[in-house]
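# Let me see the structure of the following:
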Amino acid sequence: QVQLVESGGGLVQAGGSLTLSCAASGSIFSINAMGWYRQAPGKQRELVARITSGGSTNYADSVKGRFTISRDIAKNTIYLHMNSLKPEDTADYYCNWNVKRASWSRLYDYWGQGTQVTVSS
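Model (predicted):
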């Protein structure tokens, strides 16, 4: 199994910054991709940012230029650096790791427990 532990959410004023962290532990043979998703009340979960094992990144149009996803391979941790936050960024944020647990296994999706980000106007 793989466990993901998130931290870093909170309340911030519009224009402020926050950094989310997601640390992984457990049986990981290889990583396909890691990402951050968010879900606002009454809305579907949406992709915010994603980084592949090769380091390629992609972002939702709504966060381009404001958010940056990064990783620390040695620490098995990914980060989401959020700048110029807007009230519409308010949501529960979830990290996702898409990994293989063994050389012969299929890919598995694991999710963090979620961390709340609230941006006040």
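# SS state for residue 43?
coil (DSSP: H, G, I helix; E, B strand; the rest coil).
# Repeat that for residue 38.
Taking three-state DSSP, the label given to residue 38 is strand.
# ok, now which ones touch it?
45, 46, 48, 89, 91, 92, 93, 94, 117 (CB atoms under 8 Å, 6 or more residues apart in numbering). The way it works is simple: take the backbone N, C-alpha and C, and place the C-beta from them, glycine included.
# mind redoing it with 6 Å?
For residue 38, the contact set (CB atoms under 6 Å, 6 or more residues apart in numbering) comprises 48, 91, 93.
# all strands for this structure, in order.
2-7, 10-13, 18-26, 30-39, 46-52, 57-59, 67-72, 77-82, 91-100, 107-111, 115-120 (DSSP state E).
# what's around the nearest residue to residue 52 once chain neighbours are set aside, how many residues?
Nearest non-adjacent residue to residue 52, counting by CB to CB, 6 or more residues apart in numbering: residue 33, 4.7 Å away. Applying other CB atoms under 10 Å, we find 18 residues neighbouring residue 33.
# any idea how far residue 61 is from the nearest residue to residue 92 once chain neighbours are set aside?
With sequence-adjacent residues excluded and distances taken as CB to CB, 6+ apart, residue 92 is closest to residue 114, at 4.6 Å. Using CB to CB, to the nearest Å, we find residue 114 at a distance of 23 Å from residue 61.
# Then residue 118?
Taking CB to CB, one finds residue 118 at 22 Å from residue 61.
# for residue 15, same thing?
Counting by CB to CB, the gap from residue 15 to residue 61 is 20 Å.
# When these two are compared, which one has more neighbours?
residue 15 (11 against 6).
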